[in-house]
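Undergrad: Quick one, what's the 3D model for this:
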Amino acid sequence: MSSTENTFAIVDINGPFREPREQVFSYDYSIQRSTWATPHGVRVKVSIPDELEVFKRRLVGMVVGSPGQQLMMNNIVSRTIADRKMRVAEREGMLTERRDTMLAPFIGPLAHLFPKLEALFEADQSAIREEVRRRARI
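TA: Alright, predicted model coming up:
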């Protein structure tokens with residue numbers, strides 16, 4: 001089977017959700033491959049202190065602005081991180097099976113994936129910064 005026949009499509013995305021008893025935001029992705037009868041769920045967790053705050057600091061430095069602007073920036077950056085984590089997981093073969101999956105923060109046992117996430121984020125950094133400026137007006 002060729003790789004184009006087996007690529008997944010994102011059917012729906014919900015979130016961010018604040019997970020209880022964890023310092024994470026989560027997004028629920030529904031993905032579909034042409035060879036699957038039904039879509040499957042992927043919950044992507046973004047660690048607030050270990051992923052979101054790190055990338056926000058790299059993106060804009062010291063965060064300023066109103067609480068609403070900061071909330072908008074958090075939503076933009078956390079969603080961007082979740083989208084990039086989906087790319088990393090696909091490249092690593094973590095989404096090939098027909099089952100619901102949970103992508104934990106890229107720390108601890110998954111820390112080896114953080115540099116790949118970091119590379120994707122840095123490649124798109126100027127576009128992300130522009131989106132933050134445009135939507136959050138920071």
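Undergrad: mind listing what's buried in the longest helix seen in the chain?
TA: Criterion DSSP state H: the longest helix present in the chain is helix 67-91. The neighbour-count check on helix 67-91 (16 or more other Cβ atoms under 10 Å) flags 69, 72-74, 76-86, 88-89 as buried. Where you see a C-beta, it was placed from the backbone N, CA and C, and this is true even at glycine.
Undergrad: Taking the centroid of this protein, which residue is nearest it?
TA: Ala82 (0.6 Å; Cα atoms, centre = their mean).
Undergrad: What segments of the protein are helices?
TA: 53-60, 67-91, 114-123, 125-136.
Undergrad: in the chain, what spans have low per-residue confidence?
TA: 1-6, 63 (pLDDT under 70).
Undergrad: ok, 80 please
TA: 1-6, 62-64, 138 (pLDDT under 80).
Undergrad: List the contacts of the closest residue to Ile128 other than its chain neighbours.
TA: Excluding the flanking residues, the one nearest Ile128 by Cβ to Cβ, 6 or more residues apart in numbering is Thr80, at 5.5 Å. The contact partners of Thr80, taken as Cβ atoms under 8 Å, 6 or more residues apart in numbering, are Phe55, Phe121, Asp124, Ile128.
Undergrad: Of these, which is the most crowded?
TA: Phe55 (22 neighbours; other Cβ atoms under 10 Å).
Undergrad: Tell me which residues touch it, please.
TA: Phe55 neighbours (Cβ under 8 Å, 6+ apart): Val77, Thr80, Ile81, Phe121.
Undergrad: Just put these in CSV and tack on distance to Val44.
TA: Shown next, in CSV, are the contacts of Phe55 (distance: Cβ to Cβ, whole Å):
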residue, distance to Val44
Val77, 14
Thr80, 11
Ile81, 8
Phe121, 14
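Undergrad: out of the residues you listed, who's nearest Gly65?
TA: Val77 (13.1 Å; Cβ to Cβ).
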